Structure formats: structure tokens, C-alpha cells
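**Student:** Can you look at this prediction? I've put the sequence above it.
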Protein chains: 4
Amino acid sequence: MDNLIKKILAFRDARNWSQYHKPKDLAISVALEAGELLENFQWRTNEEAVTEKFDNIKDELADVFIYLFLLSDRLGIDVKAAIEDKLVQNELKYPLRKAYGSRKKYDEL
Amino acid sequence: MDNLIKKILAFRDARNWSQYHKPKDLAISVALEAGELLENFQWRTNEEAVTEKFDNIKDELADVFIYLFLLSDRLGIDVKAAIEDKLVQNELKYPLRKAYGSRKKYDEL
Amino acid sequence: MDNLIKKILAFRDARNWSQYHKPKDLAISVALEAGELLENFQWRTNEEAVTEKFDNIKDELADVFIYLFLLSDRLGIDVKAAIEDKLVQNELKYPLRKAYGSRKKYDEL
Amino acid sequence: MDNLIKKILAFRDARNWSQYHKPKDLAISVALEAGELLENFQWRTNEEAVTEKFDNIKDELADVFIYLFLLSDRLGIDVKAAIEDKLVQNELKYPLRKAYGSRKKYDEL
């Protein structure tokens, strides 16, 4: 993952874009790219979307990842540690006994 | 990264949630978590958001990552390859000569 | 509609909130409330969402409307004129002959 | 407002689009259009967005309204009543005494 992050940051720095990468704007970017990813599923069933739009889904998914890594870098967040920490929190919010096979949110369990 | 993905999938499988993880719903989840991340910046300047909401930003950022990895797994997408492929495409959309120091979108360059 | 807008603005002004209502933050609010509306459909079929979540859908739908009216007011946009103007543009983007019965986007027609 | 809604529904029906307008997809559409509205503010200050992007902001704002009205119609929701009802709820969540001049969410007041 470190190598991948280095490539993303090198892309940014080669274009001198770091000056624009304020956290609020990067968080907006993550949300906008997530919307573009979702757009592939609009008016389509799961099967239709995956069949007709797979390449675009893959590209937009990559874009969300890229902006997430850029925001993490800007805020000095260690992605791996943040995810592992969140999984521990989620273990508490969704204990096996209650959450097994349920699609309910933690506050409804 | 492979090890991290394994932990995320193990969390899902221990709860038997795979049955609910249709691509369209996972794409919705990515968008919703991106919204929760962005909510930390609502009504706040960059400085205020980072000072007052850092922990929540870190947690929500992790949630977007987690759903992205779940969607990638569901669609059989290799995250590393998808990002590297997208960076190559972005090199063509944002050539150094035109994109250096510019915040314009590729279709306005 | 004018009467409705007046009530929304009166709610805002009674709380002295106008000072916080910068256009960028209101646009973020519209997106976040749209996410909360969409959340009711996450993991659910159309039928399940409408049956199980109707009241919340109605409330979140109202919230998106409220923020849209607040943003329109802040920018001095006449909502009725803006919608009518957009419908005329959409007539050109989606001519009857091409768009009838099609779910394609205008640039794919 | 009734007359405006009639025009929006006539646009839909002339194209025989009602068949595609499932609630879940319309809720996705609202979120996507809200993203396109927000995109005008990405990388820009409030002043820059309003100066450089006013016409597009007006158009995207109209699009969010149009999809909201389409979703309301599909679900049989009376928009005016829903907004007035939500304002009453918001009066309770944000009582004047606590909410005056505060940007806090109701659960932090």
C-alpha cells in the first residue's frame, strides 16, 4: 500500500496541486467521486450495472480510493491503522451474537 | 493491503452479511459514508473541522475505505491494479504541461 | 410556494442562522440531506423501503427541499423561474422523438 | 407550486419515463444531482463559485428540485404538507432559547 500511496502523491506533486488540496475540498471530492461511482447503478439492476458499466465502475472506484488516500495524507492519517481501529470499534457496535445475519443498524439491534 | 482486506472480509463473513452485499447497495453505502465524512466539514472552516472533528473524520474515512474494499471484493476488482490503471489514464487527461498548477478539470484545460 | 418559502426563512431568521448560511455550506447540506434520504433505501428493495421507512423518507425529503429553498434564497434565485428554464433546456436535451421510452442519458441518445 | 409540478410530470409522461421512476432510483437521482450542484463549489471559495459558476448552480439546483418533485409524486407525498410538518418538528429539535445563534446540531445543543 505504501508504494501505491507514493505513486498517488507523486502524481499530485508533479502537477503542483498540493496547494489546492484543502481537507474540506478533498472531502467534497470523495463525496463527488462516490456519486460518480453510484451513477453507474442509476436506473439499472445489479446485473445490468455490472454487465454494462463494469469498466466505468472500476475507474470511478479507483477515483474514490485516490481521493481518500490524498485526504488521509493531507491529515496525516495512517490508513491501515485507521481501518484496523475502526474494525475494532465495529466489533463492539455489531457483536456477533446480535448482528449475525441481520441487516439492521447498530442502534436498532 | 492484502492482509487488511482479509480482515475486512472476515468481519463481514463472521456476521453472514455477504448475502446483503449487492453491488448497488454497496455503492450506495460508499456514497452515504462519504457524506458522513463530509458532514464533519459542514459549517466549519478547514481549521475548525480538523481541530474539532479529527477523530470522527478518521473514523468516517475508514468507513469509506471499508465499503470500497467490500465493493471491490464483490466485483472481483483488484484494487491496486485499478488504481494504477486509473493513474495512467489520469496522466493522459492531465498532462504535466497543461495541468501544472491548474485547478481546472481536464475538459477545461 | 411564496408562503412556504417565507415560513422557512422565518425559521432561519428567528434563530439568527443566516450568518452561517454560506452558499458552499448550504450546497454541502443539500448533498448530506440527500444522503439521509437515500439511506432509507440502503439494503432495501423499493417495496421494503416504502413500507418500512415511509415517514422517515417524507421527513428527509422535506429537509432536502428546505435546504434547497435556503440556498436559492441566499443566491437570489427564483425557484419557479429556474425550474421552468431547466425544463426548457431539458426539452432540447431530450427531444420526444429520441427520448421516448428510453432511459439513456442525453449524450448517449 | 401545483402548476409547476404539473409541468414536471407532463415532461416525464410525454417521454413515457414513469416506468423507470422507481423510488430507490429517484432517491439515487436526487443524491447525484445534489453532487453535481456541489461540484460547482469544489476547489472554490464561496465568492469564486458564485461568480464563476452561477448559471450552472442555478441549473443544477433546478435539477435537484425536479427529482424531488418526481419522487414526491411517486410516493404520493404532498410537498407543502411535508415541509410544514418538518418545520414543526424542527421547532421542537431547535428551540429558540437553545438554538439562537448556534451552529450546533440538535443532539449537541
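**Tutor:** Nice, I can see it. Numbers count the residues shown, from 1 in each chain, chains lettered A, B, ... in the order given.

**Student:** Helix, strand or coil: sort out the closest residue to chain D within chain A for me.
**Tutor:** With Cβ to the nearest Cβ, the shortest gap between chain A and chain D falls at A:Gly35, namely 3.5 Å. For the C-beta atoms, the positions are set from N, CA and C on the backbone; glycine is no exception. Put simply, A:Gly35 is helix when judged by DSSP: H, G, I helix; E, B strand; the rest coil.

**Student:** tell me which helix or strand of chain A sits lowest on mean pLDDT?
**Tutor:** Sorting the helices and strands of chain A by mean pLDDT, DSSP states H and E puts helix A:96-99 at the bottom, at a mean of 93.

**Student:** right, is that helix up against chain C?
**Tutor:** No - against chain C, helix A:96-99 shows no contacts by Cβ under 8 Å from any Cβ of the partner chain, the least distance being 13.1 Å.

**Student:** Hmm, the residue of chain A closest to chain D is touching D:Gly35, no?
**Tutor:** Yes - judged on Cβ atoms under 8 Å, A:Gly35 makes contact with D:Gly35 at a distance of 3.5 Å.

**Student:** how about the CA coordinates for the least confident helix or strand of chain A, as PDB?
**Tutor:** Taking Å, rounded to 0.1, in the frame of the first residue of the first chain, the C-alpha atoms of helix A:96-99 are listed here in PDB:
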ATOM      1  CA  LEU A  96     -21.600 -11.400  16.600                       C
ATOM      2  CA  ARG A  97     -24.500 -12.600  18.800                       C
ATOM      3  CA  LYS A  98     -26.800  -9.700  17.800                       C
ATOM      4  CA  ALA A  99     -25.500  -8.900  14.300                       C
END
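
**Student:** Now it: buried residues?
**Tutor:** A:Ala99 (16 or more other Cβ atoms under 10 Å in any protein chain shown).

**Student:** how far does it sit from the chain's center?
**Tutor:** How far helix A:96-99 lies from its chain's middle: 26 Å, per Cα atoms, centre = their mean, to the nearest Å.

**Student:** what about it and chain B, touching?
**Tutor:** Yes - interface with chain B: helix A:96-99 contributes A:Leu96, A:Ala99 (Cβ under 8 Å from any Cβ).

**Student:** what's next to that helix, contact-wise?
**Tutor:** Outside helix A:96-99, the residues that touch it by Cβ atoms under 8 Å, 6 or more residues apart in numbering or on different chains are A:Tyr106, A:Leu109, B:Ala14, B:Arg15, B:Trp17.

**Student:** The second one and chain C, how far apart?
**Tutor:** It refers to A:Leu109. Using Cβ to the nearest Cβ, to the nearest Å, A:Leu109 is found at 14 Å from chain C.

**Student:** Give me the nearest residue to that residue, chain neighbours excluded.
**Tutor:** In this structure, A:Leu109 finds its nearest non-sequential neighbour in A:Lys98, 4.5 Å apart by Cβ to Cβ, 6 or more residues apart in numbering or on different chains.

**Student:** any idea which of the contacts of helix A:96-99 is closest to chain C?
**Tutor:** B:Trp17 (9.6 Å).

**Student:** what packs against the helix or strand A:Glu91 falls within?
**Tutor:** Using DSSP states H and E, A:Glu91 sits within helix A:79-93. Packing partners of helix A:79-93 (3 or more Cβ pairs under 8 Å, 6 or more residues apart in numbering or on different chains; DSSP states H and E): helix A:46-75, helix B:2-14, helix B:46-75.

**Student:** what about A:Tyr67, distance to chain B?
**Tutor:** A:Tyr67 is 9 Å from chain B, by Cβ to the nearest Cβ.

**Student:** Might you report the residue contacts of that residue?
**Tutor:** By Cβ under 8 Å, 6+ apart, the neighbours of A:Tyr67 are A:Leu26, A:Ser29, A:Val30, A:Glu33.

**Student:** quick one: contacts for the second one?
**Tutor:** If you count contacts by Cβ under 8 Å, 6+ apart, A:Ser29 has them with A:Tyr67, A:Leu70, A:Leu71, D:Gln42.

**Student:** Just the pLDDT for it.
**Tutor:** Here the pLDDT value assigned to A:Ser29 is 97.

**Student:** Show me the contact partners of stretch A:43-51.
**Tutor:** A:Asn40, A:Phe41, A:Glu52, A:Lys53, A:Ile57, B:Lys22, B:Pro23, B:Lys24, B:Leu75, C:Arg103, D:Tyr20, D:Asp25.

**Student:** Now the fourth one: closest residue in space that isn't a chain neighbour?
**Tutor:** Translated: A:Lys53. Using Cβ to Cβ, 6+ apart, the nearest residue to A:Lys53 is A:Asn40, at 4.1 Å.

**Student:** dump the residue contacts of the one you found.
**Tutor:** A:Ala49, A:Lys53, A:Asn56, A:Ile57, A:Glu60, B:Ala27.

**Student:** Which one (most neighbours) among those residues?
**Tutor:** B:Ala27 (30 neighbours; other Cβ atoms under 10 Å in any protein chain shown).

**Student:** Centre of chain A to the edge, which residue is at the far end?
**Tutor:** A:Arg97 (28.2 Å; Cα atoms, centre = their mean).

**Student:** roughly how far apart are that residue and B:Phe11?
**Tutor:** 15 Å (Cβ to Cβ, to the nearest Å).

**Student:** Return the member of the contacts of A:Ser29 nearest to chain B.
**Tutor:** A:Leu71 (6.6 Å).

**Student:** Do I have it right that that closest one meets A:Ala27?
**Tutor:** Yes - look at A:Leu71 against A:Ala27 with Cβ under 8 Å: they come within range, at 6.3 Å.

**Student:** Domain boundaries for chain A, per the record?
**Tutor:** Using automatic domain parsing, the domains assigned to chain A come out as A:2-77, A:78-109.
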